[in-house]
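# Give me coordinates for this.
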Amino acid sequence: MSIRAVVWDVDDTLFDYTTADREGMRAHLVAEGLMEGYGTAEQALDRWREVTDRQWARFAAGELTFEGQRRDRVRVFLSRPELTDAQVDEWFQRYIRHYEAAWALFPDVLPVLDALAASHRHAVLSNSSLTVQDRKLRVLGVHDRFETILCAAELGVSKPEAAAFLAACEALSLPPEQVAYVGDHPEIDGQGAADAGLLSVWIDRYGGTATVELPSGRHRIATLAELPAILGADTRFGAQSTFG
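Alright, predicted model coming up:
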């Protein structure tokens, strides 16, 4: 059965989250006079990512609200559990201004969306919140490319749970076997989509896990230029997959 729609992850798939987060936090720490307290800049940035990943896992497990994980990220990172919600929110908003200044799409995003515009429908499924991702996609100029935008904070279920992927299929009124999912995380996106019955396409931009064996129905690509060939799209755009 042919693939009729593509559902996309956002962060580190369409949007270069890693670069924006690190550059935004670097600028924020300098502006706040906090860089020296973390040794080197790289140590500070690694600590921020470690804290972010830990608190995000708690949100995904239902232990925290979306706002709660943001607040705990700041308190843990600063080692200041006594900060009020208002103080934490103000600190985070100052960081957000630096973070947003570094926002950018990956360079392969617009070409592949253009190439697939006529042949496939498009939607978004993210483990973030609609408030965050709706605005982000508007600022980046691609919001109107997607029929629907679904996020874990509003759905009440997050990837890799099958229910999250099936909610996206339901929103498109398509069965899972007619939908492809493209995301950057091998388990949360790649395995989760495959287990839910979608065509799973894992974009491994940095090739850090090239030795991982992929189960049936799951593809790995290094660039979105490879996606049309996997989808069987009738387009001159695309490249032969380097992973298979």
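# Let's see stretch 82-101 as CSV, backbone CA atoms only.
C-alpha atoms of stretch 82-101 as CSV (Å, rounded to 0.1, in the frame of the first residue of the first chain):
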residue,chain,number,x,y,z
GLU,A,82,14.4,27.7,46.8
LEU,A,83,13.6,29.8,43.7
THR,A,84,9.9,30.6,43.4
ASP,A,85,8.0,29.8,40.2
ALA,A,86,8.0,33.5,39.3
GLN,A,87,11.8,33.7,39.6
VAL,A,88,12.3,30.6,37.6
ASP,A,89,9.9,31.7,34.9
GLU,A,90,11.7,35.1,34.6
TRP,A,91,15.1,33.3,34.3
PHE,A,92,13.7,30.9,31.6
GLN,A,93,12.2,33.7,29.6
ARG,A,94,15.5,35.5,29.5
TYR,A,95,17.1,32.3,28.2
ILE,A,96,14.3,31.9,25.6
ARG,A,97,15.1,35.3,24.0
HIS,A,98,18.7,34.1,23.4
TYR,A,99,17.5,30.6,22.3
GLU,A,100,15.0,32.1,19.8
ALA,A,101,17.6,34.3,18.3
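# Which residues does that stretch contact?
Counting contacts by C-beta atoms under 8 Å, 6 or more residues apart in numbering, the residues outside stretch 82-101 that touch it are 20-21, 23-25, 27-28, 31-32, 70-71, 73-75, 78, 139. Placement of C-beta: from N, CA and C, glycine included.
# What is the nearest of the residues you listed to residue 230?
Of all these, residue 230 sits closest to residue 20, with 27.3 Å by C-beta to C-beta.
# Run a quick check on that closest one versus residue 102, I expect a contact.
Yes: contact status for residue 20 versus residue 102: in contact at 4.1 Å, counting by C-beta atoms under 8 Å.
# So if I had to pick from these two, which one is more boxed in?
residue 20 (20 against 17; other C-beta atoms under 10 Å).
# chain center to the helix or strand that the more buried one is a member of, what's the gap?
According to DSSP states H and E, residue 20 maps onto helix 17-32. The gap between where helix 17-32 is centred and where its chain is centred comes out at 18 Å by C-alpha atoms, centre = their mean, to the nearest Å.
# what helices or strands is that helix leaning on?
On a contact count with 3 or more C-beta pairs under 8 Å, 6 or more residues apart in numbering; DSSP states H and E, helix 17-32 meets helix 41-60, helix 85-101.
# Could you point out which of these sits nearest residue 159?
It's helix 41-60; of the helices and strands packed on helix 17-32, that one is closest to residue 159 (C-beta to C-beta) at 8.2 Å.
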